[in-house]
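[1] Sharing a sequence plus its predicted fold:
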Amino acid sequence: MKSGSKTDLYRKLPSVDELLRTPVIANLISREGPAAVTESARAVLSRLRQEIGTALVDDESLDLALSGIPSAIERELQQALRYSLRTVINATGVILHTNLGRAPLSHAAIDHIREIAGAYSNLEFDTETGERGKRDIHVDRLFQKLLSEKTAELRSAGRAGTPGKIQRHLARSGYYESHSHLGLRARPQREDSADFARAPLEFPDHRIYRAASN
C-alpha cells in the first residue's frame, strides 16, 4: 500500500470528540460515564491506526470497520469493566484448592458477608465499652473452641505463619505446622513415636496437622 493511500485512510478516522458526540456513544456515556467510554473509544481508534500503519486494512475494509465502530467501543468497554474474578469448575479432585479460591462458602456465610459488608460494622469497635476494639476478637472465640485454650490471638490477620501463642499451644498439644504453599512439613515433636495419622485443620494460608500415634 502506498504512503499516500495510508494518509487518506488516516484522514477517514474520526476524532474521539466526534465519536463522543454521536447519539449511540452519548447514550453509552449516560450509562457508564464519560471517562470509561472515552478510554474505550481511544483504544478502538488506536487499533485502527495500527492496522492502517501495518497495511492490514484497505479503503473498503476500513469503511466496514468504521460503520461498526460504536459496537466495537461498547465491546471494548464491556471488556474493560468486566471483573477479573469468575467462577470455574474444579475438576482437579482437590476439594480445598488454594489456586481455585480454597472452597466455596456456605449460603449462610455469604448472606452474613452481604449483610455486614453492605454497611458499617464493629470490626475494630467494642460496642460494650464504646471504645476502639481489636479485629482479632471476632475469631478469638473460634480459636478458643478449636484449640481448647483460654486466649488464642490471631495477630497475623490471615497472613501465612502461625501466631506465637497458637504455635506454642500446638507444640504442647502434639500439633505441628505444615506450610502447604511451600510443600514443607515440619517434624512432629516426638521423633520416636510410631506412625502418625495426620488430620488437617484448615487455617487462612497454611495447614495444621495433628500428630496422633497409632
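    Ah, there it is.
[2] Run a quick neighbour tally on residue 10.
    A total of 13 residues lie near residue 10 under the criterion other Cβ atoms under 10 Å. Yep, even glycine has a C-beta here, placed from its N, CA and C like the rest.
[3] all numbers from here: first residue = 272
    New numbering, starting at 272: the last item is residue 281.
[4] Tell me which helix or strand the residue nearest to it when sequence neighbours are not counted sits in.
    Spatially, and ignoring its direct neighbours in sequence, residue 281 is nearest to residue 323 (6.0 Å; Cβ to Cβ, 6 or more residues apart in numbering). Here residue 323 sits within helix 305-324, counting by DSSP states H and E.
[5] Repeat that for residue 386.
    Using DSSP H and E, residue 386 sits in helix 378-388.
[6] Can you mark which positions in that helix are buried?
    By neighbour count on 16 or more other Cβ atoms under 10 Å, the buried set for helix 378-388 is empty.
[7] tell me what it is packed against?
    When contacts are defined as 3 or more Cβ pairs under 8 Å, 6 or more residues apart in numbering; DSSP states H and E, helix 378-388 sits against none of the other helices and strands.
[8] after that helix, next one along is what?
    Following helix 378-388 toward the C-terminus (DSSP H and E): strand 396-397.
[9] For that following strand, give the mean pLDDT please.
    For strand 396-397, mean pLDDT rounds to 91.
[10] any residues touching it, and which ones?
    402, 403, 404 (Cβ atoms under 8 Å, 6 or more residues apart in numbering).
[11] Can you tell me which of those residues is closest to residue 312?
    Using Cβ to Cβ, residue 403 comes nearest to residue 312 of the contacts of strand 396-397, at 47.7 Å.
[12] Mind jotting down where the strands sit in this protein?
    Counting by DSSP state E, the chain has strands at residues 396-397, 402-403, 446-449, 467-473, 478-484.
[13] what stretches of the protein score poorly on pLDDT?
    Counting by pLDDT under 70, the chain shows low-confidence ranges at 272-275, 419-485.
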